[in-house]
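Chemist: A structural model of the following input is requested.
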Amino acid sequence: MMALLGQAQTVTISVSGKVSDKTQPLPGVSVVVQNSTVGTATQADGSFQLQVPATAKALVVSSVGYVSQTIPLTGQSSIQVTLAEDAKALDEVVVVGYGTQRKQDLTGAVAIADIEALKAQPAASATEALQGKVAGVNIVNDGSPGSTPQIRIRGYSTINNNEPLYVIDGVPYQGQLSWFNQSDIQTLQVLKDASAASIYGSRANNGVVIITTKRGKDGPSEITFDSYYGVSTPVRSRFPEFLTPQQYADYLFQGYTNAGLNPGDYLGDQYGRGATAVLPEYLRAGSVTGQNVTPADADPARYSNDPNNYYQITRASREGTDWMRAITRSAPVQSYQLGATGGSKNTAYALSIGYQDQQGILKYTDFKRYSLRANVQTAAFNNRLRFGENMLFSRTEGTGFSTSNTTPGDYLVEDNPVNSVYKQQTIIPLYDIAGNFAGSQGTGLGDGKQP
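Modeler: Sure thing, here's the model as predicted:
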């Protein structure tokens, strides 16, 4: 008896090729047979050679920072592969100081803002839209349209200036960020720790906000148009509820009575000298006030705005003035942005023009901005020389209020209007009998004390 022993052998074929990107060969690229562990890596010149099973259907070619490709093996023994850059992987490149690093290589605290999320939020400036989007960065806005928010990256470290350093396209920026159109932003990073001081010095003590603007690229022209429209409405159900004029008068009478005093001795001109408070019909007619105003005093024919013969007549608001409703409104906001990018082998450009109109929920507050930006770069002598221009023109118009006088360009008034609402008595009307603002002239009306 004779036994025959045999061993099956796997048939392989040799496949070779070269992997490159748009400009040069790529070393270290992984070339693996699909659904197996058989593979190799490209050499310094991008070439590879691999023995693959004859039953193999495809090769998977992949490298960090590039889009993987699956190459069918249809009897071919030599293949050429061109990998495209992976845009998502490129997003992990972070601007730091005067250069860039991969995010995974950073040891400092750096936060990257989601630009698409910022653009989707209707805001007057990029910093206003940044609110709540970056961990460890506190942004406080006083509510005035177009005002510059306060940004605190490391909290309040001094009683003086706590503003971070703003760097736009590599140049420290000293202007108002409300002048800057957020649609022009390509990337925005925040350097939060002390490592920023090694680049920018003491100016970076409060952190650094680095902004890069849009650039053109080689390719056909691309035209974009962005716009939005919205309305801000105050939540009136949350407004404070004040005493009516009669309730306030009764409150004053009760206070004097509890103190053992006669209310009429102190409030007679306004609420009478009886046992209970009586609301006057007029607050003022000329120099006569409250209960002392007679029909002759309140004759409309005597009304005069002449500074040399001033005679104002003001009726009392017996039903009560809702001061919070009087100073607020539903406020529309609209923004329009037209942009163009493109370029050739040696020249690239990015142009934009924008308009924004933001009304405030407080009456007589608004902000308008007209902006124009032009970024042009040109290369010469085989890219040995690069030059260009980066121009921003911005015109802003606005009226409003501010709680701080430390920021140049912000609006200033004597008092905050919302604070005044808590002071004005509801018996004061908005207008006098001629339709002019009434003011607070009258007995006991000059000092704010509305409960």
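
Chemist: from here on, contacts and neighbour counts on C-alpha atoms
Modeler: OK.

Chemist: now for the lengthiest helix in the chain, which elements pack on it?
Modeler: For the chain, the helix with the greatest residue count under DSSP state H is helix 245-258. For helix 245-258, the packing partners by 3 or more Cα pairs under 8 Å, 6 or more residues apart in numbering; DSSP states H and E come out as helix 263-271.

Chemist: and the next element down the chain from the helix it packs on?
Modeler: Next along the chain after helix 263-271, taking DSSP states H and E as the criterion, comes strand 282-285.

Chemist: just how off-centre is that following strand within its chain?
Modeler: 47 Å (Cα atoms, centre = their mean, to the nearest Å).

Chemist: which residues are in contact with the longest helix of the chain?
Modeler: With Cα atoms under 8 Å, 6 or more residues apart in numbering as the test, helix 245-258 has contacts from 262-263, 271, 276-279, 317-320, 425-427, 451.

Chemist: whichever helix or strand Ser394 is part of pairs with which strands?
Modeler: Element membership for Ser394 (DSSP H and E) is strand 385-399. Here strand 385-399 is paired, per DSSP bridges, with strand 366-380 (antiparallel).

Chemist: show me where the stretch 301-450 of the chain has helices.
Modeler: For the stretch 301-450 of the chain, applying DSSP state H, counting those that start in this stretch gives helices covering 323-327, 417-421.

Chemist: got JSON lines for those helices, with mean neighbour count, distance to Tyr228 and mean pLDDT too?
Modeler: Below are those laid out as JSON lines (neighbours: other Cα atoms under 10 Å; distance: least, Cα to Cα, whole Å; pLDDT from 0 to 100):
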{"stretch": "helix 323-327", "mean neighbour count": "16", "distance to Tyr228": "26", "mean pLDDT": "89"}
{"stretch": "helix 417-421", "mean neighbour count": "15", "distance to Tyr228": "29", "mean pLDDT": "79"}
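
Chemist: same list (these) but as TSV, adding distance to Ala296.
Modeler: Shown next, in TSV, are the helices of the stretch 301-450 of the chain (distance: least, Cα to Cα, whole Å):
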stretch	distance to Ala296
helix 323-327	30
helix 417-421	33
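
Chemist: quick one: closest of the ones you listed to Arg203.
Modeler: helix 417-421 (35.6 Å; Cα to Cα).

Chemist: which helices and strands sit right next to the closest one?
Modeler: By 3+ Cα pairs under 8 Å, 6+ apart, helix 417-421 packs against helix 323-327.

Chemist: distance between the helix it packs on and the chain's centre?
Modeler: Taking Cα atoms, centre = their mean, one finds helix 323-327 lying 27 Å from the centre of the chain it belongs to.

Chemist: give me the helices and strands touching it, please.
Modeler: Using 3+ Cα pairs under 8 Å, 6+ apart, helix 323-327 sits against helix 417-421.

Chemist: using CSV, list the CA coordinates for the helix it packs on.
Modeler: C-alpha atoms of helix 417-421 as CSV (Å, rounded to 0.1, in the frame of the first residue of the first chain):
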residue,chain,number,x,y,z
PRO,A,417,-33.2,103.5,31.0
VAL,A,418,-34.2,100.2,32.5
ASN,A,419,-32.9,101.5,35.9
SER,A,420,-35.1,104.6,35.4
VAL,A,421,-38.2,102.4,34.9
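
Chemist: list the contacts of the closest residue to Lys57 other than its chain neighbours.
Modeler: Closest residue to Lys57 apart from its sequence neighbours, by Cα to Cα, 6 or more residues apart in numbering: Leu73 at 5.4 Å. By Cα under 8 Å, 6+ apart, Leu73 lies in contact with 56-59.

Chemist: how close does Leu73 sit to Val29?
Modeler: 18 Å (Cα to Cα, to the nearest Å).

Chemist: please apply the same query to Lys368.
Modeler: Going from Lys368 to Val29 by Cα to Cα gives 53 Å.
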